[in-house]
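K.L.:
Quick check, what structure comes out for this input:
(2 chains)
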Amino acid sequence: MTARLLLVEDDERIRASMRLALEDEGYEVDEAGSGETALERFTDQPADVVLIDLMLPGIDGFECCRQLRRTSAVPVIMVTARTDTHDVVAGLEAGADDYVTKPFVAKELAARIRALLRRARSVDEPSVLTFGEIEVKPDEGTVQRAGQEVHCTRTEFRLLCELAANPGKVLSREQLLDRVWGYDYFGDGRLVDVHIRRLRTKIEPDPANPRHILTVRGMGYKLTA
Amino acid sequence: MRGDRLRVEAEERRRRVDQGHGREGRRWSRLGLRARVTVTFGMGALALSATMAGLTYFTARQFILHERETAILRQAYVNASLARSSLRSPTQNITLLLDSLDTLPGSLSVLEQRGQWYATSISVGENAIPVGLRSLVLSGVPASQHFVLNGSPEMVVGVPVPSVGSAYFEVFSLDELARTLRILALALAGAALVTTAAGAVIGRWASGRALRPLDEVSKAAETIAGGRLHVRLVAADDPDLSALAASFNRMADALLERIEREARFTSDVSHELRSPLTTLATSLGVLESHRDHLPVRSRSAVDLLSGEMRRFQRMVDVLLEISRVDTGSAELLLDEVEVGELLRQAAYAAGVGRIPVDIDPAVGRFRLRVDKRRIERVVANLVENASLYAGGVARFAVEPAAGGVRLVVVDHGPAVAAGERERIFERFYRGQTSGRRGATEGTGLGLSLVAEHVRLHGGRVWVESGPGGVNRFVVELPTADPDQAAS
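P.N.:
As a prediction, the model looks like this:
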């Protein structure tokens, strides 16, 4: 089955060229020229991955992403012209899973999409991972906290699985970028930081003083029961 | 360029001034302002005090002399009339008469009567009296005169006493008066000197005080020149100084605004380039993936486009990165890492093959607080530079340094000319060697970005030549823990 992409970009030429490139990579591409159109399109026909340009007329990329997140856990890649901390972090906090910077190489974008579409695989993982009140079922893709279902995006879920599969062990940002996002080296540590923050708000009793997902300064993150 | 022209103009102006004023003017203007004010004040005080002292001296001298002369004349006339009344009696012993006269200390009497001379002192007789005065008095005219006798100033008063056919002379010593005047002159000269010195001191103090705001201005200017553009002068209450402070601050504002505008411009341009560049790169990517179906000539064209597109993209990337540093929006994401591991990873990430990494065991495990992505970029750019211009990287090394460590990238040469070693870190500077190889590949920005990243980490970077004409690019970074470096 070919994956469906929704491309949200106001520059017609960029959109057309991206469509060509992504179709070459074997994806089915749907387009939207504004955030409003994108949300309508997505409701009509959900996509497997959404690419959102941050600078959009009308509602901007951040808002578009936030609204999308209210109803869906679909992987979102934001396309930004700026790598400034502000834009990247704001985009990730709005719910994006990853970002690419303009101008990008189509192959690289395709690789990012593939990484997001990869299923949370569980080769030798147990079917249930538990710590504290949290219960993670990698096979089913569900997280429960004290019996209550917690809604996670696919990326958050994979991140949680990686941490939960290695309890007590410090995982560096690079390791997490490699295993969760599929970056072999040049990943941006902020991806990990923002997703960890989001994950904490979902599973920690007090996100400001985390008990389960701990930061090990200068090294990375680890999960404790 | 602009700076050079200004400098030339200033030089020109100075030369013209020199010609106008000659050697003297140059020497004078070479003295500092403070020295000049001090000298001027001193000279002024000297002129004033010398004039005052002169006036005082002459007035005092005139007055004292007049007093003294009056007293002398009075006494001489009194004595002359005494002598006249005594001489009326013919039996009078003249020598006794002279002795009996009431004289001031140091005054001597000489009497002439009918061609005979009598004196109270053996040494001062008729010959001591100036001839002109003597004959004048003898001819019946009273007179007085100053003269010098045996080196000391004297005054003689001659009174003719015709009723007894006689003339009375009295010689007064003015030694004491002269001494008094000498002491007065000395005192006045001393006072003038003290005044001169005081004037100079006041000049120095006043100029120092007047120049103190300039001190602040120069400090502020130096700080600004050092890159801290937000320094401003505090506006003083003094209306003269507040104008200076205000115009200085306006200048600094204008400078800052201009620099910011330029930095923003670079940033804006780079951002604006991104959209068309994205379309170009993406479309070109599509063409590239269909390369095998293209006719040969089109294929060559696509290949050319691809090469240039990559370079263009790199250039825009680097420009953006540099403009972020320039606009101050660059942010360091610091992590603590071991230096050996850092260099190994960065070398790996830079995509070099089996290049030896020599890590000094003494420092290899030192921890640095760095933005790994930036240091990787630094190493990658040095590697790129080496492969474009110097036959690739020969080896990497970690070496100890005072307060930190050095990451060293050694290439195969040829060595960068000594005169270019600093300039190659400038934007778009291309050395002589770059004309031969790699010039069509490099962005001309790689090393300047290296310099910016290293500077953000509080380190420095330079290139030195190694044995056999190779280049050693050295990045010196401070360690995370200062104690480490000392141990």
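
K.L.:
Residue 43 - how many residues pack around it?
P.N.:
Using chain A here. 11 (other C-beta atoms under 10 Å in any protein chain shown). Every residue, glycine included, has its C-beta placed from N, CA and C.

K.L.:
not what I meant, chain B
P.N.:
14.

K.L.:
Need phi/psi at it.
P.N.:
phi -60, psi -40 (degrees, to the nearest 10).

K.L.:
what's the closest non-adjacent residue to the residue nearest to the spatial centre of chain A?
P.N.:
With distances taken as C-alpha atoms, centre = their mean, the residue of chain A nearest its centroid is residue A:97 (2.0 Å). Leaving aside its sequence neighbours, residue A:97 sits nearest to residue A:155 (C-beta to C-beta, 6 or more residues apart in numbering or on different chains; 4.1 Å).

K.L.:
That neighbour touches residue A:75, doesn't it?
P.N.:
Yes. Contact status for residue A:155 versus residue A:75: in contact at 6.6 Å, counting by C-beta atoms under 8 Å.

K.L.:
Of the two, give the one with the bigger neighbour count.
P.N.:
Neighbours were counted for residue A:155 and for residue A:75 using other C-beta under 10 Å; residue A:155 has more, 25 against 21.

K.L.:
any idea how far the helix or strand that contains that one is from the chain center?
P.N.:
Here residue A:155 sits within helix A:154-165, counting by DSSP states H and E. Computed by C-alpha atoms, centre = their mean, to the nearest Å, the chain-centroid distance of helix A:154-165 equals 11 Å.

K.L.:
Can you give the domain ranges for chain A?
P.N.:
A:4-117, A:129-223 (automatic domain parsing).

K.L.:
Worst mean pLDDT among those domains?
P.N.:
Ranked by mean pLDDT, those bottom out at domain A:129-223, which scores a mean of 84.

K.L.:
Check the separation of the first and last residues in that domain.
P.N.:
12 Å (C-alpha to C-alpha, to the nearest Å).

K.L.:
Any residues of the stretch 351-487 of chain B in contact with chain A? List them.
P.N.:
B:373, B:376 (C-beta under 8 Å from any C-beta of the partner chain).

K.L.:
Name the nearest residue to residue 42, ignoring sequence neighbours.
P.N.:
You didn't pick a chain, so chain A it is. Per C-beta to C-beta, 6+ apart, closest to residue A:42 is residue A:6, 6.0 Å.

K.L.:
The chain in question should be chain B.
P.N.:
Using C-beta to C-beta, 6+ apart, the closest residue to residue B:42 is residue B:200 (3.5 Å).

K.L.:
Would you confirm that that neighbour contacts residue B:38?
P.N.:
Yes. Residue B:200 lies in contact with residue B:38 (C-beta under 8 Å); the separation is 5.2 Å.

K.L.:
hang on, the earlier thing: find the residues that touch each one of residue A:155 and residue A:75.
P.N.:
A:97, A:98, A:116 (C-beta atoms under 8 Å, 6 or more residues apart in numbering or on different chains).

K.L.:
contacting residues for the residue nearest to residue A:97?
P.N.:
Residue A:155 is in contact with A:75, A:97, A:98, A:116, A:180, A:181, A:195, counting by C-beta under 8 Å, 6+ apart.

K.L.:
switch to 10 Å and redo it
P.N.:
A:73, A:75-76, A:92, A:95-98, A:115-116, A:120, A:180-181, A:191, A:195, A:198-199 (C-beta atoms under 10 Å, 6 or more residues apart in numbering or on different chains).

K.L.:
just residue A:37 next, same as before
P.N.:
Residue A:37 touches A:6, A:8, A:31, A:56, A:58, A:64, counting by C-beta under 10 Å, 6+ apart.

K.L.:
Over to residue B:353?
P.N.:
Residue B:353 sits in contact with B:347, B:392, B:393, where contact means C-beta under 10 Å, 6+ apart.

K.L.:
Among the residues you listed, name the buried ones.
P.N.:
Those of the contacts of residue B:353 that meet the buried threshold are B:347, B:393, by 16 or more other C-beta atoms under 10 Å in any protein chain shown.

K.L.:
For chain A, which segments count as helices?
P.N.:
A:12-24, A:35-44, A:61-71, A:85-93, A:106-117, A:154-165, A:173-176, A:189-203 (DSSP state H).

K.L.:
I figured residue B:273 was touching residue B:316, is that so?
P.N.:
Yes. Using C-beta atoms under 10 Å, residue B:273 is in contact with residue B:316, at 5.4 Å.

K.L.:
Pull up the overlap in contacts between these two.
P.N.:
A:102, A:103.

K.L.:
State the phi and psi torsions of the residue lying closest to residue B:344 once chain neighbours are set aside.
P.N.:
Distances taken as C-beta to C-beta, 6+ apart place residue B:357 nearest to residue B:344, at 5.6 Å, with adjacent residues excluded. With angles defined as degrees, to the nearest 10, residue B:357 sits at phi -120, psi 110.

K.L.:
Repeat that for the one 4 residues further on.
P.N.:
Geometry field for residue B:361 lists phi and psi as phi -60, psi -20, criterion degrees, to the nearest 10.

K.L.:
residues contacting the residue of chain A most remote from its centre?
P.N.:
What lies farthest from the middle of chain A is residue A:13; by C-alpha atoms, centre = their mean that is 26.4 Å. Shown in contact with residue A:13 (C-beta under 10 Å, 6+ apart): B:275, B:276, B:278, B:279, B:280, B:282, B:283.

K.L.:
again, only this time at 6 Å
P.N.:
Contact analysis of residue A:13 by C-beta atoms under 6 Å, 6 or more residues apart in numbering or on different chains lists residue B:279.
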